[in-house]
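In: here are the coordinates; sequence isn't available:
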């Protein structure tokens with residue numbers, strides 16, 4: 001169990017660093033809103049984070 005938790009934490013931190021490197025502070029804010037919304041079971045907050053991430057991802061295509 002501790003190995004699984006450690007591996008999960010490493011993957012999450014790695015993903016956060018990738019988002020930070022690729023999309024900057026706005027990407028981290030979107031990921032934070034999405035995560036907090038899911039944990040708090042708040043559809044409005046998680047939707048705001050998802051929309052922010054979607055706009056960042058679709059930005060170069062627009």
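Out: Here it is on my side, so go on. These figures come from a predicted structure and were not determined experimentally.
In: mean confidence score for the helix or strand hosting residue 4?
Out: Using DSSP states H and E, residue 4 sits in helix 2-39. Helix 2-39 carries an average pLDDT of 84.
In: show me what that helix is packed against.
Out: For helix 2-39, the elements it packs on are helix 43-58, judged by 3 or more CB pairs under 8 Å, 6 or more residues apart in numbering; DSSP states H and E. Every residue, glycine included, has its C-beta placed from N, CA and C.
In: what's the helix it packs on packed up against?
Out: Under the contact definition 3+ CB pairs under 8 Å, 6+ apart, helix 43-58 sits against helix 2-39.
In: residues in contact with residue 3?
Out: Neighbour list for residue 3: empty [criterion: CB atoms under 8 Å, 6 or more residues apart in numbering].
In: now it: how far from residue 52?
Out: Noted for residue 3: a distance of 34 Å to residue 52, by CB to CB, to the nearest Å.
In: how about residue 21?
Out: Between residue 21 and residue 52 the computed distance is 17 Å (CB to CB).
In: who has more neighbours, the two?
Out: Legend: neighbour count by other CB atoms under 10 Å for residue 21 and residue 52, higher for residue 52 (19 against 9).
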